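# Sequence and predicted structure, then a few things I'm wondering about:
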Amino acid sequence: MGEYRHVKLFRNGRNQAVRIPREFELPAGEAVMHRDGDRLVIEPLPKLRLAEVLRGLKPVTDGLPPIVDKPPEPVAL
């Protein structure tokens, strides 16, 4: 098993909280927590795949402006 560090639990309003030591910081702003027997497991939220992001977008109902696709101008080499 990995590193261990003694930490203290404290109250933050009606919630119990723990300060995460710097060496255990997660590389994300949000995380998910779940129980595994007597353990609490905290994991960073997985990054969304592009397909998942696109599925969550609403369809464009406004018309898109026409795009003028001109042929490229000749280039002297």
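Okay, I see it. Numbers count the residues shown, from 1 in each chain.
# Tell me where the chain has helices.
With DSSP state H, the ranges of helices along the chain come out as 50-56.
# So, low pLDDT: which residues of it?
Applying pLDDT under 70 to the chain flags the ranges 1.
# can you give me the strands in it?
For the chain, the strands defined by DSSP state E cover 9-12, 15-18, 31-36, 39-44.
# just how off-centre is the last one within its chain?
How far strand 39-44 lies from its chain's middle: 15 Å, per CA atoms, centre = their mean, to the nearest Å.
# just checking, what packs against it?
strand 31-36 (3 or more CB pairs under 8 Å, 6 or more residues apart in numbering; DSSP states H and E). C-beta: built from backbone N, CA, C; applies to glycine.
# elements contacting the strand it packs on?
By 3+ CB pairs under 8 Å, 6+ apart, strand 31-36 packs against strand 39-44.
# Just give the strands next to the strand it packs on in its sheet, each with its orientation.
strand 31-36 (antiparallel) (DSSP bridges).
# can you list contacts of the strand it pairs with?
Residues outside strand 31-36 that contact it (CB atoms under 8 Å, 6 or more residues apart in numbering): 40-45.
# just stretch 8-26 next, same as before
The set of residues external to stretch 8-26 that reach it, using CB under 8 Å, 6+ apart, is 3, 5, 7, 42-44.
# now the end-to-end length of it.
End-to-end distance for stretch 8-26, by CA to CA, to the nearest Å: 18 Å.
# How about stretch 43-56?
Stretch 43-56 end-to-end distance (CA to CA) = 23 Å.
# Reformat the strands of the chain as JSON lines; add mean neighbour count.
Formatted as JSON lines, the strands of the chain follow (neighbours: other CB atoms under 10 Å):
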{"stretch": "strand 9-12", "mean neighbour count": "8"}
{"stretch": "strand 15-18", "mean neighbour count": "10"}
{"stretch": "strand 31-36", "mean neighbour count": "9"}
{"stretch": "strand 39-44", "mean neighbour count": "10"}
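# Good, wrapping up.
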